[in-house]
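>>> sharing a sequence plus its predicted fold:
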Amino acid sequence: MADENNYDVYKPEWIPEGASNEQYPGFVMTGVDAKKAKPKAPIYKPKKYTAEELINGIINHDRMLLSKAITIIESNAPKHFELGQEIIKGILPYTGKSIRVGITGVPGAGKSTFIEALGSRLCQQGKKVAVLAVDPSSSITKGSILGDKTRMETLSKAANAFIRPSPSGGTLGGVTRKSRETMLLCEAFGYEIILVETVGVGQSETTVRSMVDFFLMVALTGAGDDLQGIKKGIMEIADAILVNKADGDNKQRALVARADYEQVLHMLRPATEGWTTKAYTCSSYTGEGVMEMWSVIEEFNKMMVDSGRLDKRRKDQTMEWVTHMTEEHVHNLVFNNPQVVEAMAKAEDLIRHDQISATMAAQNLIDTIEAELRKVQ
Ligand SMILES: Nc1nc2c(ncn2[C@@H]2O[C@H](COP(=O)(O)OP(=O)(O)OP(=O)(O)O)[C@@H](O)[C@H]2O)c(=O)[nH]1
Ligand SMILES: [Mg+2]
């Protein structure tokens, strides 16, 4: 048997019998018995925090624990879901004290630069600012996160600022839930101003509109040309329009664009009862108009609080969200049911062969769904 201290016994077989150590000075060391061996350094395992530790961490302003809690909220793993919900329940009494601002606009309008300009100034005033991005379009745009962080260079270095990129992937409902809950965590931490940038096109506008108090549309000059179409739709849900890049040669054009927007706004119903949506100009480069925009937001906030509309808007939004989540779940439950899947395939086949009317096909599907529901009862 091997003697751990006598290396000679481990001489490989190719060393001639009786050869001295001088001739063949090499030896083979014994392997380590993994079961018996005590590792010198403990294997690194990330600490698992309890909901209580995370809740206390957040309300005691521990940024590391805030990030950890957000990671749990953003996780798609079922084991994190319950923990996440426990955290939310615990921090709920500390939420709701911030001004929630959504910022939308076409790609390149200058949303991130405006957030950088505004956020840095607010931080200088001692305010605590959290910046979130919401991108429900897909995981493809993950790259924009990096861009945003570099575009928000000053802000990302400010001690009272917190920047969190969009949760990626998953369903629209999933991204909405994660973003809303992240916002609540930031509020419980003590961020007084939450700026939410919509990233990507499509559904991000309505998603963000449904989670903020004030919705700002950052616009570019040349408004007159393309006021039709989707822009008008967004104008209808905005509380202010901000023509950015009003600097240098562009300043005059920005003023013209502002007037054009004002014209259109006169014809639209304001997004918020008791508030008149107006157009403004600013330059995120020179800073002109940036804090003036903030004063407008503060004025809006005061009006909303004083009139009781803020509380109502937030409760409405939460209820809308509850309905949305339930609907999404019910939809999945119904359309993933094997009988319904089969009936759906059959309906499609009949439709493709012109053998059934749309109404009949829908009726058959409804009958199948109702039969399945009766089974559950
Ligand atoms: N002249 C001028 N340029 C600006 C101003 N604000 C932003 N820009 C420039 O406009 C470009 C787009 O700005 P971003 O802030 O990245 O725009 P964004 O809306 O966040 O874009 P996406 O996130 O890609 O949708 C950048 O090259 C900025 O430097 C401004 O006030 N004046
Ligand atoms: Mg951006």
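Good, I have the coordinates. Ligands and ions are numbered 1, 2, ... in the order given.

>>> residue in the stretch 1-150 of the chain nearest to ligand 2?
Nearest to ligand 2 in the stretch 1-150 of the chain, going by Cβ to the ion, is residue 112, at a distance of 3.3 Å. Where C-beta positions appear, they are placed from N, C-alpha and C, glycine not excepted.

>>> list phi and psi for that residue.
Residue 112 adopts backbone torsions of phi -60, psi -40, taken as degrees, to the nearest 10.

>>> so how far is residue 243 from the spatially closest residue to it that is not a sequence neighbour?
Counting by Cβ to Cβ, 6 or more residues apart in numbering, residue 151 is the residue found nearest to residue 112 once chain neighbours are left out, at 4.2 Å. As judged by Cβ to Cβ, to the nearest Å, residue 151 and residue 243 stand 19 Å apart.

>>> cool, residue 107 as well?
16 Å.

>>> just checking, the residue of the stretch 1-150 of the chain closest to ligand 2 touches residue 155?
No: here residue 112 lies out of contact with residue 155, judged by Cβ atoms under 8 Å, at a distance of 9.5 Å.

>>> OK, contacts around the closest residue to residue 158 other than its chain neighbours?
Excluding the flanking residues, the one nearest residue 158 by Cβ to Cβ, 6+ apart is residue 123, at 4.1 Å. Residues in contact with residue 123 (Cβ atoms under 8 Å, 6 or more residues apart in numbering) are 129, 155, 158, 159, 160, 161.

>>> is it correct that the second one falls within a helix?
The reference is to residue 155. Yes: secondary structure of residue 155 (DSSP: H, G, I helix; E, B strand; the rest coil): part of a helix.

>>> what about it, distance to ligand 2?
12 Å (Cβ to the ion, to the nearest Å).

>>> spatially nearest residue to that residue, not counting backbone neighbours?
Nearest to residue 155 is residue 119, by Cβ to Cβ, 6+ apart, at 4.4 Å.

>>> just say helix, strand or coil for the one you found.
Secondary structure, three-state DSSP: residue 119 is helix.

>>> now residue 194
Using three-state DSSP, the secondary structure recorded for residue 194 is strand.

>>> would you check that it makes contact with residue 97?
No: checked against Cβ under 8 Å, the pair residue 194 and residue 97 is beyond contact range at 10.4 Å.

>>> tell me which of the two has more neighbours.
residue 194 (24 against 10; other Cβ atoms under 10 Å).

>>> what bridges to the more buried one?
Beta bridges link residue 194 to residue 100, residue 130 when assigned by DSSP bridges.

>>> what pLDDT does the closest residue to ligand 2 within the stretch 251-377 of the chain get?
The minimum distance from the stretch 251-377 of the chain to ligand 2, using Cβ to the ion, falls at residue 284 (11.4 Å). With respect to pLDDT, residue 284 scores 96.

>>> and what about it, helix, strand or coil?
coil.

>>> contacts only, for it.
110, 113, 114, 116, 117, 244, 245, 290.

>>> quick check, distance from the helix or strand containing residue 70 to the centre of its chain.
For residue 70, the element it lies in under DSSP states H and E is helix 63-74. Distance of helix 63-74 from its chain centroid, counting by Cα atoms, centre = their mean, to the nearest Å, is 13 Å.

>>> same for the helix or strand following that helix, what does it pack against?
Counting by DSSP H and E, the next helix or strand C-terminal to helix 63-74 is helix 78-91. Counting contacts by 3 or more Cβ pairs under 8 Å, 6 or more residues apart in numbering; DSSP states H and E, helix 78-91 packs against helix 51-59, helix 63-74, helix 172-189.

>>> quick one: closest of the ones you listed to ligand 1.
Closest to ligand 1 of those, according to Cβ to the nearest ligand atom: helix 172-189, at 15.9 Å.
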